[in-house]
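# need coordinates for the below:
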Amino acid sequence: MSMRACLPLLAMIWVGSVALASDEPPTRLRVEIDGTSHVLAAGATHSVVVDGRTLRLRVEELPWRQFHEGNLRFDYPRHMGWEFDASPPRSWVLDGNDAVLSVFDNAGQAATPAQAASELARHFRMPEAGTTPARLRTAKTGTLRGVAITIKLATTALGYEYYAVGKDDAAWLLVLQGTLDDHGAHSAEFRAMRERLADTLEF
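Numbering: from 1, shown residues only. Okay, here's the model as predicted:
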């Protein structure tokens, strides 16, 4: 094959290498099978020997983590940060870039979504900020009814949704927060977080 004929092939190989080089390296995982540890790369297929048999194993890293506390569980985007505050009422904050999901232990507090939203408005000294009905149609627990409120801080507008779930000693308050654009719409990150919550929420 002439060098002129090889050039297009070399170009294709080079382009392919650049694309692969731009990929984020996979997560390294340690998997124990029948007492033997194997270090694997997520997304790749591996061959492992178990009892003299060669098995093909593939481990995928999902883009979600699962929040699970008491009877409450749901998935949320893996990249979101995690903060826990043990002081009453216990709370968890799952923090993304333009989206935040907060969970409050509402057992014995009996705070309603409307009360929590009003408290937020008082905190920001915005008593004129009114609430509107909010609904979250979930796949496993039916439709949740709560309230939504918008808080404007200088040039930034924040949208909140409040939902109360569970009862008695297993009661929770969910707060969804997102940064709004100039048209009052939520970001793709917020929409993905909300959609996954709706698909997986159980209590």
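
# using CSV, write out the CA atom coordinates for stretch 190-199.
What follows is stretch 190-199, C-alpha atoms only, in CSV (Å, rounded to 0.1, in the frame of the first residue of the first chain):
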residue,chain,number,x,y,z
PHE,A,190,-32.8,20.3,38.2
ARG,A,191,-35.1,18.6,35.8
ALA,A,192,-33.0,15.4,35.8
MET,A,193,-32.9,15.4,39.6
ARG,A,194,-36.6,15.9,39.8
GLU,A,195,-37.4,13.3,37.2
ARG,A,196,-35.3,10.7,39.0
LEU,A,197,-36.8,11.5,42.3
ALA,A,198,-40.3,11.0,40.8
ASP,A,199,-39.3,7.7,39.3
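
# in that stretch, what's buried?
For stretch 190-199, a neighbour-count test (16 or more other CB atoms under 10 Å) marks 190, 192-194, 196-198 as buried. Bear in mind the C-beta positions are built from the backbone N, C-alpha and C, glycine included.

# okay, now the unreliable bits of the protein?
1-20 (pLDDT under 70).

# ok, now with 90
Across the chain, the ranges flagged by pLDDT under 90 are 1-27, 29-53, 55, 57-59, 107-111, 122-130, 153-155, 167-170.

# what's the domain layout of it?
3-58, 64-200 (automatic domain parsing).

# among those, show me which one is buried the most.
domain 64-200 (a mean of 16; mean count of other CB atoms under 10 Å).

# quote the end-to-end distance of that one.
For domain 64-200, the first-to-last residue distance is 11 Å (CA to CA, to the nearest Å).

# can you check stretch 150-162 too?
For stretch 150-162, the end-to-end distance is 12 Å (CA to CA).

# likewise stretch 84-99?
Across stretch 84-99, the terminal residues are separated by 17 Å (CA to CA).

# strands of the protein, residue ranges please.
If DSSP state E is used as the criterion, the strands of the chain fall at 28-33, 36-41, 45-50, 53-58, 64-69, 72-77, 81-85, 91-95, 99-105, 131-138, 142-153, 156-167, 170-180.
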